[in-house]
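A.B. asks: sequence isn't available, so here's the structure alone:
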């Protein structure tokens, strides 16, 4: 049975800005709690392990941080999985990258989402153990949450009355 939409926040809260994806997902979980066709979840996993979390959904929204250095901290990227550039979560030395995992799952006849949208917040610092999130990232978390709510309302034809306010 195919389910409509999963929203998956990736990250690690003890690595400062790297927790942004999880924090956005936690906010969305509260905002979208009254919409049964949307599941919101969080994970620290990457690569092949994500397959089990998003299989059997029609669509997926993945939220993560990225440290590309191409844009200032707090910049929000929106990609399809087809044009996604690697983030620290989406690829590691011990795992395959996200897009390869999706293609592998399809070859194994595992039902993957037809559409995967990725929101990535440009991080300032993700390699120090801290719960502190930089100011630019805190602002981006608020903005990213609203962008995803607007996207969901438009893309999935939801009424704004279905979505809880902050």
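C.D. replies: Yep, it's here. Note that this is a predicted model, so its numbers are computed, not measured.

A.B. asks: just want the most central residue of the protein.
C.D. replies: Geometric centre of the chain, nearest residue: residue 63, 1.6 Å, by Cα atoms, centre = their mean.

A.B. asks: just checking, it touches residue 23?
C.D. replies: No: at 9.0 Å, residue 63 does not count as touching residue 23 under the criterion of Cβ atoms under 8 Å. Heads up, the C-betas are built off the backbone N, CA and C, glycines and all.

A.B. asks: what touches both of those two?
C.D. replies: Taking Cβ atoms under 8 Å, 6 or more residues apart in numbering as the contact rule, residue 63 and residue 23 both touch residue 9.

A.B. asks: can you list the strands that the longest strand along the chain pairs with?
C.D. replies: Secondary structure of the chain per DSSP state E: the longest strand is strand 57-66. Sheet pairing for strand 57-66, assigned by DSSP bridges, gives strand 3-10 (parallel), strand 115-122 (parallel).

A.B. asks: quick one: closest of these to residue 133.
C.D. replies: Residue 133 sits nearest to strand 115-122 of all the strands paired with strand 57-66, at 10.3 Å, using Cβ to Cβ.

A.B. asks: quick one: contacts of the closest one?
C.D. replies: Contact partners of strand 115-122, identified using Cβ under 8 Å, 6+ apart, comprise 17, 20-21, 24, 54, 58-68, 70-81, 84, 87, 102, 137, 140-141, 144, 147-148, 151.

A.B. asks: on contacts alone, who are the packing partners of the lowest-mean-pLDDT helix or strand in the chain?
C.D. replies: Every helix and strand in the chain was compared by mean pLDDT, DSSP states H and E; the lowest is helix 98-107, with a mean of 81. Judged by 3 or more Cβ pairs under 8 Å, 6 or more residues apart in numbering; DSSP states H and E, the packing partners of helix 98-107 are helix 49-54.

A.B. asks: and the lengthiest helix in the chain, average pLDDT?
C.D. replies: Of all the segments of type helix in the chain, defined by DSSP state H, the longest one is helix 135-155. Averaged over helix 135-155, pLDDT sits at 95.

A.B. asks: okay, buried residues for that helix please.
C.D. replies: By neighbour count with 16 or more other Cβ atoms under 10 Å, helix 135-155 contains the buried residues 136-137, 140-141, 144-145, 148-149, 152.

A.B. asks: before we move on, back to that, quick one, the longest strand of the chain and helix 135-155 angle?
C.D. replies: The directions of strand 57-66 and helix 135-155 differ by 160 degrees, with axes from the mean of the first three to the mean of the last three Cα atoms, to 10 degrees as the criterion.
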